[in-house]
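[1] Predicted model and sequence follow; I will ask about them next.
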Amino acid sequence: MLVAAVAVVGVAAVFASGGPDRTASVDDRVHEVGAGLRCPVCLNLSVADSPSALAGEMRAEIETQLRSGRSPEQVRAFFVDRYGEWILLAPTRRGLNLLPWAIPIVGLLVGASLWIGFVRRRMPRDEVAASTSERARIERDLANLQEPG
Amino acid sequence: MTADVDEIDGPDRDDDRAGPGRSRSRWRLVALVLTPIVLFAVVLASGLGRDPRALPSELIGHPAPTFSLPRLDAGGTLDLGDLEGQVVVVNFWASWCLPCREEHEALEAAWGRYRERGVVILGVSFEDTEEGALAFRDELGGDWPLAADPDSRTAIAYGVFGVPETFVIAPDGSISAKTTGAVTYEWLTREIESALRDGNVD
């Protein structure tokens, strides 16, 4: 149950990324697009956060495109077409890129099933097995005792 | 009697005793623990060995983004559309960039060798001042056309990460090659020749 719940939450988190808010101001939308793009100069900052000149010009480019009526997805695609998926701070969730999301869920399921299997094999049957093997040994020892005599 | 003995030593029954069953399950445990670690190490090793800046251009084989830029070394504009059918080398560069000094000689040699054959080298200034760019030209020489790139719009259109980056545009208007970092004469001749060949075949 718990495992299933965790899996469901994980999958939901993967797909329920918030869509762009159409009513937000242009500045907010520029920031939203820029926050998802990697600054080509500084690598580990987003275009929205980077103080580099190129990032500033990319923000201007984003604003120009948004003002001309292009959707945030189209603007992102514009940058991906030129810089590759590398430019996205969060890679698109399809194909091989789903692996990082899938591995923890798969790991949880595999771990849980292993654990359940282990517990099932150990707990109740072990006592029976121990008692039968013990009984068998006692019987054999008794037989050995009786044989010489 | 024999039946009893079989039961005692039966496979996997008696986990407390050393035997083939126990060592097998131990190996299974070792494999279970080691497999993810090894996989993780392989992923890490292959990832860490990569140069985060050595990126293939997404634009290879795609139409070169057009531009019309104010010329720096002379008046007027530089329009890629005017160069249709020619091999064009677009070199993004800046006066503050050290590898750009390194590659200057290679560009000059290629320009000298191929300009007669209709190959055009264009220097596009990146994040630079007009004075800086012109001082660089005065200092190092060369007479291929230079253009400014206001707001880096052309650099962004070409997916430029930094300078220097050099693109070769084939006669059909598609980008046929790209290199990051100081361009070499060998690279330029190889890519220009290949672009010229493709142009002749068409």
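    Great, that's in hand.

[2] wait, residue B:183 sits on residue B:164?
    Yes. Residue B:183 is within contact range of residue B:164, at 6.6 Å (criterion: Cβ atoms under 8 Å). In this view, the C-beta of every residue, glycine as well, is placed from N, C-alpha and C.

[3] what do the two both touch?
    Common contacts of residue B:183 and residue B:164, defined by Cβ atoms under 8 Å, 6 or more residues apart in numbering or on different chains, comprise B:91, B:103.

[4] what about residue B:67, distance to chain A?
    13 Å (Cβ to the nearest Cβ, to the nearest Å).

[5] For that residue, list the residues it contacts.
    B:78, B:79, B:80, B:124, B:147, B:149, B:153, B:154, B:157.

[6] run the last query once more with 10 Å
    By Cβ atoms under 10 Å, 6 or more residues apart in numbering or on different chains, residue B:67 lies in contact with B:77-81, B:90, B:122, B:124, B:147, B:149, B:153-155, B:157-158.

[7] Would you pull up the residue in chain B closest to chain A?
    residue B:159 (3.4 Å; Cβ to the nearest Cβ).

[8] Tell me which two in the contacts of residue B:67 are the farthest apart.
    B:81 and B:155 (18.5 Å; Cβ to Cβ).

[9] With neighbour numbers in mind, choose between these two.
    More crowded of residue B:81 and residue B:155, by other Cβ atoms under 10 Å in any protein chain shown: residue B:155, with 25 against 9.

[10] Wait, that one touches residue B:165, no?
    Yes. Using Cβ atoms under 10 Å, residue B:155 makes contact with residue B:165 at a distance of 8.4 Å.

[11] Which neighbours do the two have in common?
    Joint contacts of residue B:155 and residue B:165 (Cβ under 10 Å, 6+ apart) are B:92, B:124, B:126.

[12] and of these, the nearest to residue A:55?
    Using Cβ to Cβ, the shared contacts of residue B:155 and residue B:165 come closest to residue A:55 at residue B:126, 13.8 Å.

[13] Same list (the shared contacts of residue B:155 and residue B:165) but as JSON lines, adding pLDDT.
    What follows is these, written out as JSON lines (pLDDT from 0 to 100):
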{"residue": "B:92", "pLDDT": "96"}
{"residue": "B:124", "pLDDT": "96"}
{"residue": "B:126", "pLDDT": "95"}
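
[14] For those, pick the one with the most neighbours.
    Result: residue B:124 is most packed of the shared contacts of residue B:155 and residue B:165 (other Cβ under 10 Å), 28 neighbours.

[15] Now that one: phi and psi?
    For residue B:124, the backbone dihedrals (degrees, to the nearest 10) come out as phi -110, psi 120.

[16] which residues does it bridge with?
    Applying DSSP bridges to residue B:124 gives these bridge partners: residue B:92, residue B:147.

[17] thought it was touching residue B:88?
    No. Residue B:124 is beyond contact range of residue B:88, at 11.1 Å (criterion: Cβ under 10 Å).

[18] what's the neighbour count on residue B:170?
    23.

[19] cool, and residue B:197?
    10.

[20] so what's whatever residue of chain A ends up closest to chain B up against?
    Closest residue of chain A to chain B, Cβ to the nearest Cβ: residue A:82 (3.4 Å). With contact set as Cβ under 10 Å, 6+ apart, residue A:82 has these partners: A:40, B:57, B:58, B:59, B:62, B:65, B:155, B:156, B:157, B:158, B:159, B:160.

[21] which non-adjacent residue is nearest the fourth one?
    The shortest distance from residue B:59 to any non-neighbouring residue, by Cβ to Cβ, 6 or more residues apart in numbering or on different chains, is to residue B:175 (4.7 Å).
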